[in-house]
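> Only the shape, not the letters, is given here:
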């Protein structure tokens, strides 16, 4: 069992220690600073990412609060606009009712005036017809009474007496 790997000689151990020392020196000179720098950069990037995540979380909470405030304000504005629209609608309805009532009163007044005018016109026409009929009757009576001379003289005398009495 003289395997050189299992029981190495003094020369092999010496060269292995020198090779290991050179490797450690090279790694410490050029390898470790790069590895440590990479680890530090990675740690810093992770910390920055965590800080950014915290900031983002705070901003999201702030935005959510702002959104809730804006939503409440929008609901309040919507309610105000609906209330104003209802009030405007009621005002328009009330104005229309008042206008209709005024128009109806005006139309009733105009109809009453028209009725009175037509009534007066009908009464005037009736009086005219009565006067015409009276004149026709009077003409017929006068003709019949004046056909006789004596009756005509009596009629004229009687009429003159009536004129004097009035």
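Looks like it arrived, so ask away. None of the values given here were measured: they were computed from a predicted structure.
> elements contacting the least confident helix or strand in the chain by mean pLDDT?
The weakest-scoring helix or strand in the chain, judged by mean pLDDT, DSSP states H and E, is helix 149-165 (a mean of 73). Counting contacts by 3 or more Cβ pairs under 8 Å, 6 or more residues apart in numbering; DSSP states H and E, helix 149-165 packs against helix 32-146. Yep, even glycine has a C-beta here, placed from its N, CA and C like the rest.
> Tally up the residues packed near residue 59, please.
Using other Cβ atoms under 10 Å, the number of residues around residue 59 comes to 10.
> Begin at 174 from now on, thanks
Okay, using 174 as the starting number, the last item reads as residue 232.
> Residue 229: neighbour count?
10.
> pLDDT value on it, please?
Note for residue 229: predicted pLDDT of 95.
> I'd like the distance between it and residue 248.
Distance of residue 229 to residue 248, given as Cβ to Cβ, to the nearest Å: 28 Å.
> again with residue 206
Shown here: residue 206 relative to residue 248, a distance of 61 Å by Cβ to Cβ.
> Same check on residue 269?
Distance of residue 269 to residue 248, given as Cβ to Cβ: 31 Å.
> what does residue 194 give?
Using Cβ to Cβ, one obtains 77 Å as the distance from residue 194 to residue 248.
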